[in-house]
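Student: Can you look at this prediction? I've put the sequence above it.
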Amino acid sequence: MTLELLLFLILALVAIAAALGMLISRNAVYSALFLVLNFATVAVFFLLLNAPFIAVAQVSVYTGAIMVLFLFVIMLLGAERAGTVQSIRWQIPLAITLAVILLLETGYILLAQRGLLPPVTTQLAPEFGSPAKVGTELYTNYLLPFEITSVLLLVAMVGAVILTKSEKK
């Protein structure tokens, strides 16, 4: 067993435990902190895949900015304790179906790595995922969705402030 495989297995267990902790926790702040731990382990996965730019983006965008916004809204709304939520009838069958699909995909990839099935290959350009290429694509072809997302996040934050604002008499 190589060191890389051992590190992957340990990180996979941490990511799964953090995801389960996020789902099981009744305290919204603890759930958000478990999500931060999950985001951090995903960033390390990206480092193992030799994608440092995506790892840094994962940490700075999700773990930094988005989670700060989540925690700000949770604390502002005073929703630290999650109430009882009724599950919708179609959620459990959908979750089971998606879990089975994920297990089948994982099994296929593992069997393909051992040479028992045709390999999974992708042909990517050498500059694919480089910071320059990502920036060029983001600010030329995807500028409008980028700006709409930023405005949407701003409106959500202002809406949370307005909803929790107490009227002074």
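Tutor: Thanks, I have it. Numbering: from 1, shown residues only.
Student: Name the residue closest to the centre of the protein, please.
Tutor: A centroid search over the chain (C-alpha atoms, centre = their mean) returns residue 39, at 5.8 Å, as the residue closest to the centre.
Student: helices and strands of the chain: which one bottoms out on pLDDT?
Tutor: Using mean pLDDT, DSSP states H and E, the weakest-scoring helix or strand in the chain turns out to be helix 67-77, at a mean of 75.
Student: residues of it that come out buried?
Tutor: Residues 67, 70-71, 73-74 are the ones in helix 67-77 that count as buried (16 or more other C-beta atoms under 10 Å). C-beta here means a position set from N, CA and C on the backbone, and glycine is covered the same way.
Student: Quick one: residues in contact with that helix.
Tutor: Residues from elsewhere that reach helix 67-77 (C-beta atoms under 8 Å, 6 or more residues apart in numbering): 28-29, 32, 35-36, 39, 80, 153, 156-157, 160-161, 163-164.
Student: List the ones among those residues that fall in strands.
Tutor: The strands, defined by DSSP state E, take in nothing from these.
Student: A PyMOL selection for the residues you listed, restricted to the buried ones, would help me check which they are.
Tutor: Buried members of those, identified by 16+ other C-beta under 10 Å, are gathered into one PyMOL selection as follows:
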select buried, resi 28+32+35+36+39+160
